[in-house]
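Asks: 3D, please:
(one chain, ligands or ions: 1)
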Amino acid sequence: MAEHQFQTEVSRLLHLIIHSLYSNREIFLRELVSNASDALDKLKYLTVAEEAYKSISFEPRIDLSFDKEAKTFTVRDNGIGMNETDMVESLGTIARSGTKSFLEKLTEDAKKDSNLIGQFGVGFYSAFMVADRIEVISRKAGETAAWKWSSDGKESYQIEAAQRDEQGTAVILHLSEEGTEYANRWTVEDIVKRYSNHVAFPIYLTYDEKEYDGKGKEKGSKTKTDRINSGTALWRRAKSDLKEEDYAEFYKQTAYDGEDPLFYVHTKAEGTLEYVTLFYIPQRAPFDLYNVDYKPGVKLYVKRVFITDDDKELMPSYLRFVRGVIDSEDLPLNVSREILQQNKILLNIRNASVKKLLSEFKSLSETNKEKWETFISQFNRPLKEGMYQDAGNQELLKELVRFKSSSAEGRTGFADYAARMKPDQKHIYYITGGDEKTLKASPLLEAYTAKDIEVLIMDDDIDDIIMPSVHKYKDWELKAVNRAGADEELGAKQDKQAEKENKPVIEKIKKALGDRVKEVKLSRRLHDSPSCIVADENDPTIQMAQMLKAMGQPDMGDIKPILEVNGDHPIVAGLKTAEDEARIADIAGVLLDQALLVEGIKLKDPADFVKRLNRLLS
Ligand code: ADP
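Replies: Okay, the predicted model is just below:
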């Protein structure tokens, strides 16, 4: 038997693992299973690629077993195996340069931070969290000698000759006090299903099941072996091998949805970054789509090993309805939450995935009207959030979002609008701040309708918040018709003469309303109605301020509207000759209040409005 000292870094690493990762002990099983899976992969490759190994007959498998009495837990594989030299290099040193330099960088304080330590694969040594002694018995493929490595995980390890009938490795853990809970069938099954369900090779668990006689009396026990992983990892299979039903079945199992998905996007990236993504779009918006603490739908795997299903950073929040899997070849296994969020590899995968999804949505809109209608009826609103959140993809998102329109039924996109624009039309017009009926009845639309200019009807409550961040579609500026400055194309109705003629009546109204309004103007956009309100170009609209307040945002104070009046309307014409101050005040007050009401804005003092109206009527 030969006694070896651990490389100093290994001793440090062991110390760190045992003292920092104990809150997450169960990961030892994930690490051992993934080592076994790697060993099987390596041998499988050799038996295909190298003449010398082709004679090895080999049915790759991983076997787990435990012995409650002896307090042992064993992970066995028939993979590539290790000889004496391999053991010294792999289980006595830290070969990976990344881990070494990471250890060097750790400050005293950081050592206490288990999340930080979790960023590199702690690997084999993590088994010392649950074992006070480990034996590894291994025989390398193509060799006849077998070796036993053993250690208590402190300063040294021993290597001696051993016996093993076939190639492969058995890792035998002598469970410590903390580790005994893992000598349990259900615990093991649960951990394997959680982390290693999609490992490509079959994982078997051997356990004893008690047997009872007819009277319910224990009459002994029987040893059983069950396969406990499903091993599908469907996303890793070639698209050409998979049928629609396979995709749908996998979706229903993993996303807990009773319905088939609406569609899926399966992508394999090779090159600088290697990863596979399989995304699903549900038929229906998930029930928690509008909850702040929604459950993310995308799971992260590293080389088929499950890492997390609870990371909101894997996808931007506006794509929170997407379900599926990201499986990376390049991330370390034990990547922690904090590290994930600033991880460049993951960021690149995310960016590419978002682009891919958005362009798939776009092509759906062009190629499959029926599915597209279902899609947009469910997810239009989150995509609108995207226009606000994701400046980098705003152009793509503008091609996807849909609105109602003053001149077309159903949903209209910016491109549809542009195609219908009048040849000399300069801008794209929209109106926000109310439900469809209110908006369509708004006096603000009159002049546009009269001139046959289409206006997008934006009746979603978030439109008001989002649209100010969307300035253009292609070369056309977007103009809200309820804002000052959106009326220049309606100019014909206004001329210098009219301005001059109406100046006195405008002054009269302004004086009567005082500080209830920001300004009073002669309108270019009114046809039949006597008055309307608009917001100053840089002010929030009143509706928006009311909505933000309802959402618990700080009060934006009193936002004063601009009142526009129609100089041709009989009420305004009547005002021109009116002399009685009280009557002028009543008429001006009603002109303002009815303009507010028709936009669906609650009056501050409805009683005052009613009094004025009654005085005028009598
Ligand atoms: P990692 O797997 O990240 O390289 P580990 O500490 O888990 O780090 O394992 C160190 C090395 O030990 C592996 O790279 C591999 O060469 C070897 N090894 C571990 N388990 C096995 C196994 N079951 N069969 C063959 N080699 C193994």
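Asks: Identify the residue nearest the closest residue to the ligand within the chain in space, chain neighbours excluded?
Replies: Closest approach between the chain and the ligand, counting by C-beta to the nearest ligand atom: Gly123, at 2.5 Å. (Each C-beta comes from the backbone N, C-alpha and C, glycine too.) Closest residue to Gly123 apart from its sequence neighbours, by C-beta to C-beta, 6 or more residues apart in numbering: Glu31 at 5.4 Å.
Asks: The one you found and Met129 touch, don't they?
Replies: No: the pair Glu31 / Met129 is not scored as a contact, 10.0 Å apart, by C-beta atoms under 8 Å.
Asks: mind listing what His527 touches?
Replies: Residues in contact with His527 (C-beta atoms under 8 Å, 6 or more residues apart in numbering) are 446-447, 449-450, 566.
Asks: Just flag the most distant two among those residues.
Replies: Longest distance between any two of these is 14.6 Å, between Thr449 and Asn566; criterion C-beta to C-beta.
Asks: out of these two, which sits in the busier spot?
Replies: Asn566 (26 against 14; other C-beta atoms under 10 Å).
Asks: Surely the more buried one and Val572 touch.
Replies: Yes: assessed by C-beta under 8 Å, Asn566 is found in contact with Val572 at 6.0 Å.
Asks: Name the residues contacting each of those two.
Replies: What both Asn566 and Val572 touch, as defined by C-beta under 8 Å, 6+ apart, is the set 530-531.
Asks: Next up, the contacts around Pro382.
Replies: 289, 318-321.
Asks: Repeat that for Ser151.
Replies: 6, 91, 133-134, 157-158 are the contacts of Ser151 under C-beta under 8 Å, 6+ apart.
Asks: circling back: the residue nearest to Gly123: which element?
Replies: helix 27-49 (DSSP states H and E).
Asks: In the stretch 251-400 of the chain, mark out all the strands, start to finish.
Replies: Assigned strands in the stretch 251-400 of the chain, in chain order: 263-269, 275-281, 298-302, 305-308, 323-328 (criterion: DSSP state E, counting those that start in this stretch).
Asks: Next, count neighbours for His511.
Replies: Heads up, residue 511 is Lys, not His. 13.
Asks: what residues are up against it?
Replies: Per C-beta under 8 Å, 6+ apart, neighbours of Lys511: none.
Asks: What mean pLDDT does the helix or strand that contains it get?
Replies: Using DSSP H and E, Lys511 sits within helix 496-513. Computed over helix 496-513, the mean pLDDT rounds to 88.
Asks: Repeat that for stretch 180-198.
Replies: Mean predicted lDDT for stretch 180-198 stands at 92.
Asks: List the residue ranges of the protein that fall below the pLDDT cut-off.
Replies: 20-23, 94-122, 333-341, 491-495, 550-552 (pLDDT under 70).
Asks: if I pick the residue most central in space within the chain, what's in contact with it?
Replies: In the chain, the centroid-proximal residue (C-alpha atoms, centre = their mean) is Met315; its distance is 3.1 Å. Applying C-beta under 8 Å, 6+ apart, we find Met315 in contact with 296-298, 322, 350, 353-354.
Asks: same deal with Thr541?
Replies: Taking C-beta under 8 Å, 6+ apart as the contact definition, Thr541 lies against 432-433, 464, 480, 482-483, 535, 559.
Asks: In JSON lines: the residues you listed, plus secondary structure, distance to Gly413 and neighbour count.
Replies: Shown next, in JSON lines, are the contacts of Thr541 (DSSP: H, G, I helix; E, B strand; the rest coil; distance: C-beta to C-beta, whole Å; neighbours: other C-beta atoms under 10 Å):
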{"residue": "Thr432", "secondary structure": "strand", "distance to Gly413": "17", "neighbour count": "26"}
{"residue": "Gly433", "secondary structure": "coil", "distance to Gly413": "21", "neighbour count": "25"}
{"residue": "Asp464", "secondary structure": "helix", "distance to Gly413": "19", "neighbour count": "23"}
{"residue": "Ala480", "secondary structure": "strand", "distance to Gly413": "18", "neighbour count": "25"}
{"residue": "Asn482", "secondary structure": "coil", "distance to Gly413": "22", "neighbour count": "27"}
{"residue": "Arg483", "secondary structure": "strand", "distance to Gly413": "22", "neighbour count": "20"}
{"residue": "Ala535", "secondary structure": "strand", "distance to Gly413": "25", "neighbour count": "22"}
{"residue": "Ile559", "secondary structure": "coil", "distance to Gly413": "31", "neighbour count": "16"}
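Asks: near the ligand too, which of those?
Replies: Applying C-beta under 6 Å from any ligand atom, the subset of the contacts of Thr541 adjacent to the ligand is empty.
Asks: for these, which one is nearest Arg164?
Replies: Nearest to Arg164 among those, with distances taken as C-beta to C-beta, is Asp464, at 71.7 Å.
Asks: The closest one contacts Gly433, doesn't it?
Replies: Yes: taking contacts as C-beta under 8 Å, Asp464 lies within contact range of Gly433: 5.7 Å.
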